[in-house]
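Novice: just a sequence and a predicted model for now, questions to come.
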Amino acid sequence: MLFGKDSAGGISFGRLVKTPLNKYAHLTGRDGYLTNHLSTVSHTDCVTKASAFTAAQHKSGDICTQLNTEFSRQRDHNRNVLHRILKAIEFHGRLGLALRGHDDSGPLKVQTDNEDTIDYNEGNLRALLQLMMNCNDNTLKSHFANTVKMPHLFRHYLRMR
């Protein structure tokens, strides 16, 4: 019994549920154990729960598939974010602009409502990323809203330049 309880309506389960069936003569028929069991509320409830469970398994796949799907979604999101940041760095390189500014560390301010959040003292790269978020780049917005600080290696790279 996978989805049942130990008892239903104060009656504990016995034959066909908790204890094995030893007398097969009374298995079927008008008052047979199997006939009576199939008509109980607990049996129909367990069948309904088992059907819902198998339908959910086929709909979303097993746990490995779900984890792989989530991993793929995160990987694609991170690639999109990295692509945007690299494009911003390439933009600065093509124009011969410095990346760093007065303060390159800490969280990047994300626009809320109609607030202008570009802080030009934080550096050219950070200002451009803020401008991209202000222009409704939702990929960068969601990334920097959920990221506390810029990655340590990235900050170190910016300080070296």
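Specialist: Looks like it came in fine.
Novice: please make it C-alpha for all contacts and neighbour counts, starting now.
Specialist: OK.
Novice: could you measure from the residue positioned nearest the centre of the chain over to residue 77?
Specialist: Centroid check for the chain by CA atoms, centre = their mean gives residue 70 as the closest residue, at 6.0 Å. Noted for residue 70: a distance of 11 Å to residue 77, by CA to CA, to the nearest Å.
Novice: give me the common contacts of those two.
Specialist: When CA atoms under 8 Å, 6 or more residues apart in numbering defines a contact, no residue borders residue 70 and residue 77 alike.
Novice: for residue 109, which three-state class applies?
Specialist: coil (DSSP: H, G, I helix; E, B strand; the rest coil).
Novice: number of nearby residues for it?
Specialist: Residues contacting residue 109 under the criterion other CA atoms under 10 Å number 18.
Novice: ok, then the element right after the lengthiest helix in the chain?
Specialist: As assigned by DSSP state H, the longest helix anywhere in the chain is helix 63-95. Using DSSP states H and E, the helix or strand that follows helix 63-95 in sequence is helix 124-134.
Novice: ok, residues contacting that following helix?
Specialist: Under CA under 8 Å, 6+ apart, the answer for helix 124-134 is 85, 88-89, 92, 97-101, 104, 108-111, 116-120, 140-141.
Novice: relative to helix 63-95, how tilted is the very next helix or strand once past it?
Specialist: Next in sequence after helix 124-134, counting helices and strands by DSSP H and E, comes helix 138-146. Inter-element angle recorded for helix 138-146 and helix 63-95: 100 degrees (by axes from the mean of the first three to the mean of the last three CA atoms, to 10 degrees).
Novice: work out the gap between helix 138-146 and the centre of the chain.
Specialist: Relative to its parent chain, helix 138-146 has a centroid offset of 16 Å by CA atoms, centre = their mean, to the nearest Å.
Novice: could you do stretch 89-97 as well?
Specialist: On CA atoms, centre = their mean, the centre of stretch 89-97 falls 36 Å from that of its chain.
Novice: show residues contacting that stretch.
Specialist: By CA under 8 Å, 6+ apart, stretch 89-97 touches 98, 99, 124, 125.
Novice: what's the neighbour count on the last one?
Specialist: By the criterion of other CA under 10 Å, residue 125 has 22 neighbours.
Novice: looking at it now. What's its pLDDT?
Specialist: Note for residue 125: predicted pLDDT of 89.
Novice: same deal with the first one?
Specialist: Residue-level confidence at residue 98 comes out at 87, pLDDT.
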